[in-house]
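Trainee: have a look at this prediction, sequence included:
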Amino acid sequence: MKLEDGVRELLARLGNDLRIATPLGLGKPNALLNLLYARAKADPGLKLTLSTALSLNPPSPREDLARRFFLPFRDRQWGRDYPVLEYARDAEAGKLPSNVRVHEFYFQAGVALHSPAMQRDYQSVNYTHVARNVFEEGVQAIVQLVARDGRRISLSCNPDLTLDVTDLCRGSGRPFVLVGVVHPELPFLEGEAAVEEGYFDLLIDDPEAVKHELFALPRLPVDDTDHAIGFHASRLIEDGGTLQIGIGALSDALVSALILRHREPAVYAEAMGGGATLGPFREGLYGLSEMVMDGFMHLRRAGVLRREVVDEASGAHTFLHGAFYLGSKEFYRWLGELSPPERAGLRMTRVSKVNDLYDPNEIGLRLQRKRARFVNTCMQATLLGGAASETLEDGRVVSGVGGQYNFVAMAHELPDARSVILLRSTRESRGKRSSNVVWSHGQLTIPRHLRDVFVTEYGVADVRGKSDEDCIRAMIEVADAEFQDELVDQAKSYGKLGPAYRVPDSARANTPARIAEWADGLRRKGQCRPFPFGSDFTPEEERLALALPYLKAAGERSKWELLRLMKDGGSAPGTERALARMGLATPVGIKSRIYRRLVAGALGAIESKFNGEKGE
């Protein structure tokens with residue numbers, strides 16, 4: 001069936017009140033959604049309600065230097081013909097027509113902060129409860145990308161909610177249409193994701209409509225703070241255990257540290273300050289994660305992800321269960337090129353099975369998930385052990401709850417599991433540093449009674465089952481030294497910390513300078529690299545990806561820092577090629593000449609920081 005025929009058939013079946021769900025992330029059939037949205041924009045009598053999450057579009061920066069860097073990369077990464085999700089672009093700009101509503105339960109981080117309409121239509125719900133919500137809202141159809149292998153179809157990147165919602169809708173007997181759009185580049189994966197062609201009510205196989213690239217995330221730099229957090233978290237992962245991780249720089253840092261622990265235990269032990277050696281992994285880890293991403297690929301290649309369980313549905317020996325996947329181009333190639341035995345060991349299934357224990361096979365799931373470590377991140381943590389992971393104090397949503405609460409709760413249900421929440425101890429905005437360890441936060445994702453383990457760049461705070469005072473002490477002692485006295489005073493003022501308490505001398509050393517010294521030592525041994533698993537950038541772009549954020553932060557701190565960068569200029573190797581990549585080889589006009597000197601100065605500063613990476 002052609003795309004246009006599928007749209008006509010869908011409209012004929014559903015009428016003028018369309019209630020459609022589409023998967024989060026990669027599984028959206030962009031071309032189909034754009035056609036449906038265009039129909040609704042053109043016809044005010046056609047009502048469209050879309051339920052989804054994580055609507056991904058290539059960023060469109062507005063600032064001049066960012067555009068110089070990003071626009072050529074965007075064309076290479078996603079292609080000039082990538083079909084941008086029009087509803088998402090209009091929602092972010094506040095331009096959705098009145099007959100269209102978009103309900104998302106998880107945003108691409110930060111995109112909705114300045115969109116009142118997106119904030120109002122956000123649905124705060126645990127991932128495992130989304131299927132119920134969508135069903136109760138009267139969804140009539142699901143539309144999603146699928147992979148094809150003859151007459152077999154794979155839900156591939158998104159069996160997560162499709163399986164659960166389809167079961168609910170078909171079991172109710174009410175009208176429901178399941179639409180699959182075949183993408184020839186989407187990897188065919190097994191598990192419950194693999195179904196027969198007849199599972200779909202409409203199957204659109206129109207290569208001309210899906211010539212675009214799959215949405216691949218660029219691999220971004222990992223900084224010193226991230227690496228320090230990853231190292232501390234890595235010593236909490238037990239051999240023979242179960243691992244859940246998310247995506248981003250902190251996860252990359254953790255995976256990098258785990259691989260170092262496995263391959264070079266002596267270097268790892270030295271990086272952790274000596275003591276007992278934890279690696280290598282002899283039994284290996286089993287992966288259980290709502291999101292499957294690059295980190296699991298790297299762990300599998302390194303021989304760490306190799307503990308197998310028996311999949312209860314198929315009897316297959318399985319090293320990784322996941323509910324959806326999203327990652328880099330290299331990750332998609334790896335998935336597509338898996339040998340049959342390897343592909344059989346990676347089982348994609350419904351999110352209700354991955355993120356929870358309440359299943360007919362609950363006893364079996366509990367036995368599989370031994371020594372589980374559920375690793376997530378948060379934006380801020382309170383001294384009493386609560387975590388704010390997705391919403392600002394004023395109620396604006398940055399991302400979403402997703403599955404974090406599910407995994408934290410599961411860690412308390414399994415006898416030898418732990419919830420590990422990673423946290424950068426500080427943040428910097430407009431040149432001002434602030435603590436991410438705070439007395440309180442008005443919008444907690446994880447309540448204090450589920451507190452467990454927090455990790456900052458300064459160490460591990462194990463606060464499960466601790467008294468309030470002991471929890472507060474542990475959190476203060478992994479906070480940045482600049483903010484410890486203020487935190488102590490707050491806790492004492494509320495009577496939660498004894499008057500005799502003093503911050504230990506060891507915690508007084510919690511400073512950025514200490515982290516920089518630690519990272520410099522590792523760089524001399526070839527570790528702590530900004531791109532531990534490579535990148536999608538050219539060599540010049542890698543340097544610029546480090547230099548431009550450095551330049552922006554310097555400008556927010558002080559105009560004098562910008563003047564210093566302009567004065568220093570920069571003559572590091574490769575600077576001229578990097579400047580040419582930014583269109584600054586032969587600047588025209590005073591603005592471009594200033595840009596040239598600023599970027600050159602930032603490149604020089606970054607080169608000075610990282611020249612120890614190659615042992616120089």
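Mentor: Done, it's in. The model shown is predicted, which means the values in this text are computed figures rather than measured ones. Residues are numbered from 1 along each chain as shown.

Trainee: just checking, Gly403 touches Asn126?
Mentor: Yes: using CB atoms under 8 Å, Gly403 is in contact with Asn126, at 7.2 Å. Quick note: C-beta positions are derived from backbone N, CA and C, even for glycine.

Trainee: quick one, what contacts the closest residue to Leu338 other than its chain neighbours?
Mentor: Excluding the flanking residues, the one nearest Leu338 by CB to CB, 6 or more residues apart in numbering is Leu346, at 6.9 Å. Contacts for Leu346 were tallied using CB atoms under 8 Å, 6 or more residues apart in numbering; they are Leu189, Glu190, Gly191, Val292, Thr318, Phe319, Leu320, Gly322, Leu335, Leu338.

Trainee: give me the subset of those residues lying in helices.
Mentor: Leu335 (DSSP state H).

Trainee: ok, the contacts of Leu346 vs Glu213, which is closest?
Mentor: Comparing the contacts of Leu346 against Glu213 with CB to CB places Leu335 closest, at 14.9 Å.

Trainee: isn't Lys187 right up against Gly336?
Mentor: Not Lys; residue 187 is Pro. Yes: counting by CB under 8 Å, Gly336 is a contact partner of Pro187 at 4.1 Å.

Trainee: and those two? Which one has more around it.
Mentor: Between Pro187 and Gly336, counting by other CB atoms under 10 Å, Pro187 is the more crowded of the two (22 against 14).

Trainee: so the more buried one, which state does it fall into?
Mentor: coil (DSSP: H, G, I helix; E, B strand; the rest coil).

Trainee: now do the contacts for it.
Mentor: By CB under 8 Å, 6+ apart, the contact set of Pro187 is Ala147, Ser154, Ser156, Cys157, Tyr332, Leu335, Gly336, Leu338.

Trainee: switch to 7 Å and redo it
Mentor: Residues near Pro187 by CB atoms under 7 Å, 6 or more residues apart in numbering: Ala147, Ser156, Tyr332, Leu335, Gly336.

Trainee: so how far is Val195 from it?
Mentor: According to CB to CB, to the nearest Å, Pro187 stands 15 Å off from Val195.

Trainee: which residues are contacting stretch 130-143?
Mentor: By CB under 7 Å, 6+ apart, stretch 130-143 touches 10, 14, 18-22, 29, 32-33, 51, 105, 123, 125, 161-162, 164-166, 168-169, 175-179, 181.

Trainee: looking at Gly403 and Asn126, which one has more neighbours?
Mentor: Gly403 (27 against 20).

Trainee: so who does that one touch?
Mentor: Contacts of Gly403 by CB under 7 Å, 6+ apart are Tyr127, Glu290, Asn355.

Trainee: would you map out the domains in this protein?
Mentor: Listed by automatic domain parsing, the domain ranges of the chain are 3-210, 216-239+247-369, 371-524, 539-614.

Trainee: tell me how far the last one is from the chain's mean position?
Mentor: Right, the one you point to is domain 539-614. 28 Å (CA atoms, centre = their mean, to the nearest Å).

Trainee: how about the nearest residue to the most centrally placed residue in the chain, chain neighbours excluded?
Mentor: The centre of the chain sits closest to Ile247, judged by CA atoms, centre = their mean, with a distance of 3.2 Å. What sits nearest to Ile247 in space, not counting adjacent residues and going by CB to CB, 6+ apart, is Met293, at 4.7 Å.

Trainee: and the one you found, how many neighbours?
Mentor: Met293 is flanked by 23 other residues according to other CB under 10 Å.

Trainee: what's it in contact with, if anything?
Mentor: By CB under 7 Å, 6+ apart, the neighbours of Met293 are Ile247, Tyr325, Leu326, Gly327, Phe331.

Trainee: repeat the analysis, applying 10 Å as the threshold.
Mentor: 217, 245-248, 251-252, 255, 322, 324-328, 331 (CB atoms under 10 Å, 6 or more residues apart in numbering).

Trainee: now, the residues you listed that are in strands?
Mentor: Gly322, Phe324, Tyr325 (DSSP state E).

Trainee: count of residues packed around the second one?
Mentor: The one in question is Phe324. The number of residues packed near Phe324 is 28, by other CB under 10 Å.

Trainee: so what pairs up with it in the strands?
Mentor: Met291 (DSSP bridges).

Trainee: these two touch, right, it and Ile247?
Mentor: No: Phe324 lies out of contact with Ile247 (CB atoms under 10 Å); the separation is 11.0 Å.

Trainee: where do the strands sit along the stretch 401-550 of the chain?
Mentor: Taking DSSP state E, counting those that start in this stretch as the test, the strands found in the stretch 401-550 of the chain are 418-422, 426-429, 432-435, 437-438, 453-456, 459-462.

Trainee: partners of the third one, with directions?
Mentor: Taking DSSP bridges as the criterion, strand 432-435 sits next to strand 426-429 (antiparallel) in its sheet.

Trainee: quick one, which of the contacts of stretch 130-143 are buried?
Mentor: 10, 14, 18-22, 29, 32-33, 51, 105, 123, 125, 161-162, 164-166, 168-169, 176-179, 181 (16 or more other CB atoms under 10 Å).

Trainee: give the residue farthest from the middle of the chain.
Mentor: Most peripheral residue of the chain (CA atoms, centre = their mean): Ala500, 41.6 Å.

Trainee: related to what we said a few turns ago, biggest separation within the contacts of Leu346, which pair?
Mentor: Thr318 and Leu335 (15.2 Å).

Trainee: residue contacts, Glu185?
Mentor: By CB under 10 Å, 6+ apart, the contact list for Glu185 reads Leu145, Ala147, Val210, Lys211, His212, Glu213, Leu214, Tyr332, Arg333, Gly336.

Trainee: phi, psi of it?
Mentor: phi -90, psi -10 (degrees, to the nearest 10).

Trainee: also the one 10 residues further on?
Mentor: Its backbone dihedrals place Val195 at phi -140, psi 170, with angles given as degrees, to the nearest 10.

Trainee: tabulate the domains of the chain (CSV), appending mean pLDDT and distance to Phe533.
Mentor: Formatted as CSV, these follow (pLDDT from 0 to 100; distance: least, CB to CB, whole Å):
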stretch, mean pLDDT, distance to Phe533
domain 3-210, 95, 16
domain 216-239+247-369, 94, 6
domain 371-524, 96, 16
domain 539-614, 86, 12
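
Trainee: what sits in contact with each of Pro187 and Gly336?
Mentor: Common contact partners of Pro187 and Gly336 (CB under 10 Å, 6+ apart): Ala147, Arg343.

Trainee: figure out how far stretch 525-534 is from the centre of its chain.
Mentor: Relative to the centre of its chain, stretch 525-534 is centred 20 Å away, using CA atoms, centre = their mean.

Trainee: actually stretch 530-537, sorry about that
Mentor: 16 Å.

Trainee: end to end, how far does that stretch reach?
Mentor: 12 Å (CA to CA, to the nearest Å).

Trainee: residues of that stretch that come out buried?
Mentor: Judged by neighbour count (16+ other CB under 10 Å), stretch 530-537 contains these buried residues: Pro530, Phe531, Pro532, Phe533, Ser535, Asp536, Phe537.

Trainee: for the residue nearest to the fifth one when sequence neighbours are not counted, what are its contacts?
Mentor: This means Ser535. Distances taken as CB to CB, 6+ apart put Arg219 closest to Ser535, at 4.8 Å, once the chain neighbours are dropped. When contacts are counted by CB under 10 Å, 6+ apart, Arg219 touches 249, 252, 294, 327-331, 531-537, 545.

Trainee: next step: those restricted to helices.
Mentor: Ala249, Asp252, Asp294, Lys329, Glu330, Phe331, Ala545.

Trainee: is it fair to say Val181 lies in a strand?
Mentor: Yes: counting by three-state DSSP, one finds Val181 located in a strand.
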